[in-house]
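>>> Sharing a model prediction with you, sequence too.
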Amino acid sequence: MISKHTHCTVILLSAGLMVASSQALAAETTCQQISEDEVASLFDRWNDSLQTGSSETVAANYADDSILLPTVSNTPRMTFEERVDYFDDFLVDGPSGEIDKRWVHIGCNKVVDAGLYTFTFAETGESVSGRYSYTYAWDGEDWLITSHHSSAMPE
């Protein structure tokens, strides 16, 4: 037979576990706040990193498990090293991007920034318009790119 004391202890322990579980779940789902202006600054951070001429600096904007589907390569870039390899070639002509039209969707610890942009290349003077999408995720310390797709305009 279970005593009243044992029964009360079991109920209190169960209640304590439920509170601890709820607190852990709340901690996991705390949403990092970000504004549309701050989302725009994430592109600016990426664009500024292009200006350094360092492929490693540009690749540092991406989460470890992100994917880059670049404009001028048929190869998806899944690792830091593959992204560095892509930017080694891309940075040669001194690219600088400017957003022409943007659509932003903000979720809980995830952001989508998609639209149209134009790149101007300092070395050639050429401009190329393209479509883009960046997804970002909050990693507990910073917003990092989790996917980046870029393609030239079809016309």
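Sure, I can see it. Quantities reported herein were computed from a predicted structural model and do not represent experimental measurements.

>>> Enumerate every residue touching the closest residue to residue 124 other than its chain neighbours.
Counting by C-beta to C-beta, 6 or more residues apart in numbering, residue 124 lies nearest to residue 93, which is 5.5 Å off, once chain neighbours are set aside. (Each C-beta comes from the backbone N, C-alpha and C, glycine too.) Neighbour list for residue 93: 121, 122, 123, 124, 126 [criterion: C-beta atoms under 8 Å, 6 or more residues apart in numbering].

>>> Take the residues you listed and write them to a markdown table, including pLDDT, secondary structure and neighbour count.
Below are the contacts of residue 93 laid out as a markdown table (pLDDT from 0 to 100; DSSP: H, G, I helix; E, B strand; the rest coil; neighbours: other C-beta atoms under 10 Å):
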| residue | pLDDT | secondary structure | neighbour count |
| --- | --- | --- | --- |
| 121 | 97 | strand | 15 |
| 122 | 96 | coil | 11 |
| 123 | 95 | coil | 9 |
| 124 | 96 | coil | 10 |
| 126 | 96 | coil | 11 |
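
>>> Following element in sequence after the lowest-mean-pLDDT helix or strand in the chain, please.
Of all the helices and strands that make up the chain, helix 4-28 has the lowest average by mean pLDDT, DSSP states H and E, namely a mean of 50. Next along the chain after helix 4-28, taking DSSP states H and E as the criterion, comes helix 36-51.

>>> Work out the gap between that following helix and the centre of the chain.
Helix 36-51 sits 11 Å away from the centroid of its parent chain (C-alpha atoms, centre = their mean, to the nearest Å).

>>> Give me the buried stretch members for the following helix or strand past that helix, please.
Once helix 36-51 ends, the next helix or strand along the chain (criterion: DSSP H and E) is helix 55-59. Using 16 or more other C-beta atoms under 10 Å as the test for burial, helix 55-59 gives 55, 57, 58, 59.

>>> Please name every helix or strand in contact with helix 55-59.
helix 36-51, helix 80-90 (3 or more C-beta pairs under 8 Å, 6 or more residues apart in numbering; DSSP states H and E).

>>> what is the orientation angle of the longest one with helix 80-90?
Calculated by axes from the mean of the first three to the mean of the last three C-alpha atoms, to 10 degrees, helix 36-51 forms an angle of 70 degrees with helix 80-90.

>>> Residue ranges in the protein under the pLDDT threshold?
Within the chain, the stretches with pLDDT under 70 are 1-28.

>>> hmm, try it at 50
By pLDDT under 50, the weakly predicted segments of the chain are 6-15, 17.
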